[in-house]
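A.B. asks: need the 3D shape of this:
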Amino acid sequence: MPARRAIFVAPFGELSEARVLARLAAETEAAGWDGFFLWDHIVYTGVERLADPWIAMAAIATATERVRIGALVTPTPRRRVAKLARETVTLDRLSGGRLVLGVGIGGDDHGEFADFGEETDPRKRARTLDADLDRLVALWGGEFEPVPVQQPRIPVWVAARWPKRRPVRRAARWDGLFPIELPGTEALAELAAELGGGDLVVTNPADVDYRPWEAAGATWCLTGFGKDPREGEVRAAIEAGPRA
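C.D. replies: Predicted coordinates for the structure are as follows:
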């Protein structure tokens, strides 16, 4: 089956306004794409203007009817899990059941942990992530009301930085894997064999031929634009269509 195609943008700079992101998402849907996803950062080196992706996704949810939406990825160790549960359920219901929750332990390259008093030890963050996911399932399952539109729960995609394998094993317990810094399609095929099912999500620039990635096992192919996205280039990729 051909992989589904999505636009993947950092809500930075020119795209740090929720209204702009909502317009682009609506255009993405009209052009036949399958999803519209955002980066999730508090701060980022070299970037002055950032939007909160969760607020922006609420605007996107009301501007669209069909495309999948989500943040890739949200480090749960720097979030309050009860607040995240409320946000995800509210957004899933607002979108009519179109949310994907992308998760990971995050990294401190840009000071998102140390500078704000968050846990900096990756192993401790990994343990927190596992506990957070278990808690989310319980909260989604009825401890909080209302429950998500999607049942039995909101899909969870887990990030893994190549060549680490513990996150891959974590992803195998959930719904998908979002590998970062893959060296090529052979590495993706290796991960597909290890994953044994579920979504396998890759991101590449707009000029990449995604057919080899599909052949290697990708189920979602995201078109990305780096940390300095320009509204014009994103719109051009959208208008070219998902199969360009």
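
A.B. asks: next structured bit after the longest helix along the chain?
C.D. replies: Looking across the chain with DSSP state H, the single longest helix is helix 122-138. For helix 122-138, the succeeding helix or strand toward the C-terminus, using DSSP states H and E, is strand 156-161.

A.B. asks: check the offset of that following strand from the chain's centre.
C.D. replies: Taking C-alpha atoms, centre = their mean, to the nearest Å, the mean C-alpha location of strand 156-161 is offset from the chain mean by 9 Å.

A.B. asks: once you drop chain neighbours, what's closest to residue 39?
C.D. replies: Excluding its sequence neighbours, the residue lying closest to residue 39 (C-beta to C-beta, 6 or more residues apart in numbering) is residue 10, at 4.2 Å. All C-beta atoms are positioned from the backbone trio N, CA, C, and that covers glycine.

A.B. asks: measure that neighbour to residue 149 for me?
C.D. replies: As judged by C-beta to C-beta, to the nearest Å, residue 10 and residue 149 stand 27 Å apart.

A.B. asks: neighbour-wise, which of those two wins?
C.D. replies: residue 10 (22 against 15; other C-beta atoms under 10 Å).

A.B. asks: right, and the more buried one touches residue 38 too?
C.D. replies: Yes - if you go by C-beta atoms under 8 Å, residue 10 and residue 38 touch, sitting 7.4 Å apart.

A.B. asks: what sits against the residue most central in space within the chain?
C.D. replies: For the chain, the residue whose C-alpha lies nearest the mean C-alpha position (C-alpha atoms, centre = their mean) is residue 72; its distance is 2.2 Å. By C-beta atoms under 8 Å, 6 or more residues apart in numbering, the residues touching residue 72 are 8, 37-40, 102, 157, 159, 178, 201, 222.

A.B. asks: per-residue pLDDT, residue 135?
C.D. replies: Looking at residue 135, its pLDDT reads 98.

A.B. asks: whoops, residue 29 was the one
C.D. replies: Reported pLDDT for residue 29: 98.
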